[in-house]
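K.L.:
fold the following, please.
(chains A and B)
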Amino acid sequence: YTVVLIGDSAVGKSNLLSRFTRDEFSLESKSTIGVEFATRSISTDDGKVLKAQIWDTAGQERYRAITSAYYRGAVGALLVYDISKYETFSNVERWLKELRDHAENHIEVMLVGNKSDLRHLRVVMTEDAEAFAQENGISFIETSALDASNVEEAFSSILTKIYEKVSRKSMNSDAAGSGKTKPMANNASKVIVVDNENDDAAPAKKKKCC
Amino acid sequence: MADVPPAAAPPSADADPAAAARAAARNELDTLLFGNFPAKLDMAALERTIFYGAPSNGYRALAWKVFIGYLPPETAAWAEVLAEQREAYWGFAREFELAPQPRWAPSSGYVGEPVEWPPPRNINPDDPDFAAREIARRVFNDVERTCPESPFYQAGPPDAEVRPQDRKLQRMLYTYARLNPGIGYIQGMSELIAVLFYTFSQPAPHLSEPAPHEADELSRLRPLLGDDPEADAFWCLTELFSAIRDSFNREMDSADSGVMNDMIHLNNMLKVNDETLWAALEDKGVDHRFYSFRWLTLLLSQEFPLDQVLRLWDSLLADPFRFTKKWFLYHFSAAMLLMLRSQLLALEFNAIVPLLQSYPPELGVETLFPLALAVRKGRYAAPDSYNHQRLMEGTLYHRVSADEWLLQFFLLKRSRAQPCLRLLRYDVDPRFTQVSSLVLDSNRFRVEDVDPRDGASLLAGMHVFVLVQGPKRFFFAAPSQQVKWQWMAALSRAGSQDKLGLSAAESSSPTLVHASTMMVDYIDAGAYASASHGAAIVDPDAPIPIDEQIHSNVCTANDWFELAQNSPKRISLAPPRNEPEPEPEPGSDAAPPSSATPSAAAALTSRLRGWLPFSQPSRGHV
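P.N.:
A predicted model of the protein is given here:
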């Protein structure tokens, strides 16, 4: 699965990645120019091993022309902001639009409020972010790459969601008699995205109305 | 192992190979830059010299300023340029920091609070100076994480909110962004200016002390040169950016000069040089943009440690084709891919991308340099290609110089991962009349019955030394001018004709002239070019360990030249038909040395001698 990390510059994307893939954190990691890449595998509850390719992208506007190329194969996106910098949260909307314009429409998005260790500097309230996430039908979590809280959870939750989505789709496609099932292959999920649009678009809302 | 141990070194400063090499390079640069204080610099000569590495940061700083275009070649204008530009910089810096909203009417004074360092995390969106403060915040964010491993930038009191050198970077970048609102601040600029500012900030005692009897004008200029690194770095960034800014400009991405085109250019260069590798990468889905974007926009400054970046930028900035599509930047980047050929062919996507995004530290700039030069000259041939076969056969027809041999050897060795002890073994019969075989130890490549004149053509190559002992001849090649200087200095230190055993040369003496085992070891360590500096005569049968013999028996290049000169009958040496250039020109296609005639041996050897940085051979025994 390909997952991209996006969000304003200096919100901690690279450190989230290094915390997840290497369990490392650096206060002075270099700014990302272009994209960087790492992999890690996790296992799901039902014992399936999920292999993730994670692209860490540059935050600044100038680099979006380049980074948008990496959205294309992505099935998941962590949209990161910094809870101590309001502007990074107000820009989340722009990032979502960026995703809608460039990524697959079935992409699984998770809003990530990073730097939760900076409690005394918090300017983005958890409730506000939660509300925003619900409105837009995406999931939400607060993390700290510095003290490692919720980092593992954020990645495994999005990967599991992607996994479930893909297996569900392949089951559906089996049911529809559309032929051979390839649960792990990206192109399988791409093919049937239109059919499942309604089921997947807003999982949060769906739960509520049921 | 990196240096000859002090115990073995004679006390005189000349005997320290590194010092002697630096001195030789300095003399050359002093002549170029200050000799008679030329009214106009010989740019071509300066470029040629610095291309192979500046001998110290002082010369580097000065030469870069000239190459970048901050200082004109007309030396008479320097004092004025420096004074004017520095004053202008400080004027801008003060104005923008004091008054985020510049008021152009002189009467209105400044309005608004000065920008704060560090800037606040959250800026009030209603602040009339929001834009300026936002620039300051972005600049601050990035400068804070620029060069995290450099002691120069990390220095400062631990409780300081802003480190002192960072403060200067911030001022320069903020001023630049305000002064050039069309460009503003773009991530990555901080990395470029950090390289410039570091270089300009290094002390240059040799440059600042006037030499005896030098022109007054020069004495007055010297202290000015390194005076104000901040203003100089600012203007050099401005000049540099006016040359490469299209790479940073999103609007220009698809233009000819934009970064997309640059990346495609590099990818095509890879295809031309090694189609197998290119196709393999395409096949594995390794889009060239994954690695080349950062390489090209930041001029490779993120791929190597700072000291190596400086060395690399010597070549990049001294390149007469700088900022064009024929820039050495592309050749070097292509070499970085070619060097990893075997890994790139073997590994899968998930391993390749991280490998290219964080280049193996054991492959440094000096290691890559000869390969990059070969790419530039169109002399690279992939190990499994038809061209490679031709290159190997080419030796027969004087088409290949020894450094290319070394390069090919090196690549073969890397691709097959076989250990070896010798670089190249060049076996000739005792009378130098016939070369019986040319053996590459690592892969058993063998050319039988090589024309004896190959020896001459190899010698006519710039970087070759041949060591003679008994019936065996070994040669090795210096991969760069810098290393050649080091070797020559080392080789001149010790030894004598006797030491080469010339009197017994034609006997079947068991003594071996050994083209430095150390050097080969350092190839394995990936640092051979900078660490190795000599060759030693060792006797494998002697009771002394070989390592010790190497240390105490460094032999001399001068001895070899003397040998060649004194024994014209026995050595079939001849100059090539086309004059070889004393310094290989960056970018020039080296003219293939051609057929040899024995009678011209003396001419060749005297020319060889002329390349030495020393006027007289040093005869000091160890």
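K.L.:
wouldn't A:Asn15 be in contact with A:Arg22 here?
P.N.:
No. Contact criterion CB atoms under 8 Å: A:Asn15 and A:Arg22 do not qualify, at 10.6 Å. C-betas here are computed from N, CA, C, even on glycine.
K.L.:
higher neighbour count, the two?
P.N.:
A:Asn15 (23 against 10; other CB atoms under 10 Å in any protein chain shown).
K.L.:
what about the stretch 301-450 of chain B, any weak spots by pLDDT?
P.N.:
Within the stretch 301-450 of chain B, the segments meeting pLDDT under 70 span B:379, B:381-450.
K.L.:
what's the neighbour count on the residue of it found nearest chain A?
P.N.:
Closest to chain A within the stretch 301-450 of chain B is B:Val353: 4.4 Å, counting by CB to the nearest CB. The number of residues packed around B:Val353, counting by other CB under 10 Å, is 24.
K.L.:
next one: A:Glu130
P.N.:
Per other CB under 10 Å, the neighbour tally for A:Glu130 reads 16.
K.L.:
can you pull the residues of the stretch 1-150 of chain B lying near chain A?
P.N.:
For the stretch 1-150 of chain B, the residues in contact with chain A (CB under 8 Å from any CB of the partner chain) are B:Arg121, B:Asn122, B:Ile123, B:Arg138, B:Asn141, B:Asp142, B:Glu144, B:Arg145, B:Thr146, B:Pro148.
K.L.:
element containing the third one?
P.N.:
Yep, that's B:Ile123 we're talking about. B:Ile123 belongs to no helix or strand when assigned by DSSP states H and E.
K.L.:
contacting residues for the residue of the stretch 301-450 of chain B closest to chain A?
P.N.:
The contact partners of B:Val353, by CB atoms under 8 Å, 6 or more residues apart in numbering or on different chains, come to A:Phe37, B:Val286, B:Phe290, B:Tyr291.
K.L.:
just the residues you listed now: which is nearest A:Asn91?
P.N.:
A:Phe37 (23.7 Å; CB to CB).
K.L.:
the closest one in helix, strand or coil?
P.N.:
Three-state assignment for A:Phe37 (DSSP: H, G, I helix; E, B strand; the rest coil): strand.
K.L.:
go on, the one 4 residues further on?
P.N.:
Taken by three-state DSSP, the conformation at A:Ser41 corresponds to strand.
K.L.:
A:Trp55 too?
P.N.:
For A:Trp55, the assignment made with three-state DSSP gives strand.
K.L.:
surely it and A:Lys13 touch.
P.N.:
No. Here A:Trp55 does not reach A:Lys13: they are 10.0 Å apart, not a contact under CB under 8 Å.
K.L.:
between the two, who's got more neighbours?
P.N.:
A:Lys13 (29 against 24).
K.L.:
the more buried one and A:Ile54 touch, don't they?
P.N.:
No. Using CB under 8 Å, A:Lys13 is not in contact with A:Ile54; the gap is 9.9 Å.
K.L.:
hey, what's in contact with both of those two?
P.N.:
With CB under 8 Å, 6+ apart, A:Lys13 and A:Ile54 have common neighbours A:Leu5.
K.L.:
low-confidence ranges, chain B, go.
P.N.:
Chain B contains residues with pLDDT under 70 at B:1-38, B:98-113, B:205-218, B:246-257, B:379, B:381-622.
K.L.:
how about the helices in chain A?
P.N.:
Ranges of helices in chain A, per DSSP state H, are A:13-22, A:64-71, A:86-90, A:92-102, A:126-135, A:151-175, A:186-191, A:193-200, A:203-209.
K.L.:
same for the third one, what does it pack against?
P.N.:
Under the contact definition 3 or more CB pairs under 8 Å, 6 or more residues apart in numbering or on different chains; DSSP states H and E, helix A:86-90 sits against strand A:76-82.
K.L.:
just checking: what are the partner strands of the strand it packs on?
P.N.:
Here strand A:76-82 is paired, per DSSP bridges, with strand A:2-7 (parallel), strand A:108-114 (parallel).
K.L.:
just put those strands in TSV and tack on distance to B:Gln357.
P.N.:
Converted to TSV, the strands paired with strand A:76-82 look like this (distance: least, CB to CB, whole Å):
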stretch	distance to B:Gln357
strand A:2-7	15
strand A:108-114	22
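K.L.:
could you tell me the least trusted of the ones you listed?
P.N.:
With a mean of 92, strand A:2-7 has the lowest mean pLDDT of these.
K.L.:
now it, how far from the centre of its chain.
P.N.:
Relative to its chain's centre, strand A:2-7 lies at 6 Å (CA atoms, centre = their mean, to the nearest Å).
K.L.:
okay, the angle between that strand and helix A:151-175?
P.N.:
Using axes from the mean of the first three to the mean of the last three CA atoms, to 10 degrees, the direction of strand A:2-7 lies 130 degrees away from that of helix A:151-175.
K.L.:
so strand A:2-7 versus strand A:35-43, what angle?
P.N.:
Using the same axes, to 10 degrees: strand A:2-7 against strand A:35-43 is 130 degrees.
K.L.:
quick one: contacts of strand A:2-7?
P.N.:
A:13-14, A:16-17, A:52-57, A:59, A:67, A:70-71, A:73-81, A:88, A:91-92, A:95, A:98-99, A:103, A:112, A:155, A:158-159, A:162, A:186.
K.L.:
now the residue of the stretch 151-300 of chain B found nearest chain A, nearest residue through space, not along the chain?
P.N.:
Distance from chain A to each residue of the stretch 151-300 of chain B (CB to the nearest CB) is smallest for B:Phe293, at 3.8 Å. Nearest non-adjacent residue to B:Phe293, counting by CB to CB, 6 or more residues apart in numbering or on different chains: A:Gly34, 3.8 Å away.
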